[in-house]
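Colleague: The sequence and its predicted three-dimensional model are supplied below.
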Amino acid sequence: MIQNRRRVRLFSIVAVMIIWHLFCQQVFGSVLDSAQTSQLAPSSYEVKIVESSELDYDSHAYYSALLKLALSKTEDPIKPTYLVESSGNLVQERVLRQLNQEGGVDVFWTVTSKLREQQAIPVRVPLLNGIMGYRVSLIRQNTLHEFNNVRSAPDLKRFVAGQGHDWPDFQILEHNGFTALGTSNYDIII
């Protein structure tokens, strides 16, 4: 059973990456076709991704490796695809803006929202097998006693929730009457 889930998950990931690879070929290929009359086509495709940083706690390394694996399964021997990291640490909001700019980021991994789906083309495969939709609250050990009598949402609303300022969860918390501290640095939340 577990092995079948792994196969389905890997198949889903590879399928999405194949679709992405074909999309890149179509987009970059049409650009190259029009440019071939004036110059030679490049010998490879470059896909720009977000640069890893200490702020992402190596999460980008996982997604980059997954994308590399998928691209290796769909490799064009004549024009291979290479991942190129953008320069500078970018928060999600800025990355989403760069998806629509020439020379910006080509692909990015994040959770979805209605607004984000208006800004970018979603690829509907759960790269974390759906666990990104689950949230676990973390509290400091020295404040544990303050949470002993929390039994309802109103009880919980007395506290401040730390969230990424550009995470969809931030707006969800505020919309539901919770106080949220928005930040672009995970360490400030702790």
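Modeller: Looks like it arrived, so ask away. Numbering: from 1, shown residues only.
Colleague: which one is Val91 nearest to, not counting chain neighbours?
Modeller: Ser184 (4.5 Å; Cβ to Cβ, 6 or more residues apart in numbering). All C-beta spots, glycine's among them, are computed from the backbone N, C-alpha and C.
Colleague: The one you found reaches Arg94, doesn't it?
Modeller: No - the criterion here is Cβ atoms under 8 Å, and Ser184 misses it with Arg94 at 9.4 Å.
Colleague: Now do the contacts for the residue nearest to Val91.
Modeller: 91, 164-166 (Cβ atoms under 8 Å, 6 or more residues apart in numbering).
Colleague: Just give me the closest of these to Ser113.
Modeller: Comparing these against Ser113 with Cβ to Cβ places Asp166 closest, at 10.3 Å.
Colleague: burial of the closest one, as a residue count?
Modeller: Asp166 is flanked by 18 other residues according to other Cβ atoms under 10 Å.
Colleague: three-state assignment of Val84?
Modeller: Assigned by DSSP: H, G, I helix; E, B strand; the rest coil, the conformation of Val84 is strand.
Colleague: what about it, neighbour count?
Modeller: 12.
Colleague: In terms of pLDDT, where does it sit?
Modeller: Per-residue confidence (pLDDT) for Val84: 85.
Colleague: That one reaches Tyr45, doesn't it?
Modeller: No - if you go by Cβ under 8 Å, Val84 and Tyr45 don't touch, sitting 10.0 Å apart.
Colleague: backbone phi and psi for the residue nearest the centre of the chain, please?
Modeller: Nearest to the mean C-alpha position of the chain, by Cα atoms, centre = their mean, lies Trp109 at 1.7 Å. Backbone torsions of Trp109, given as degrees, to the nearest 10, read phi -110, psi 130.
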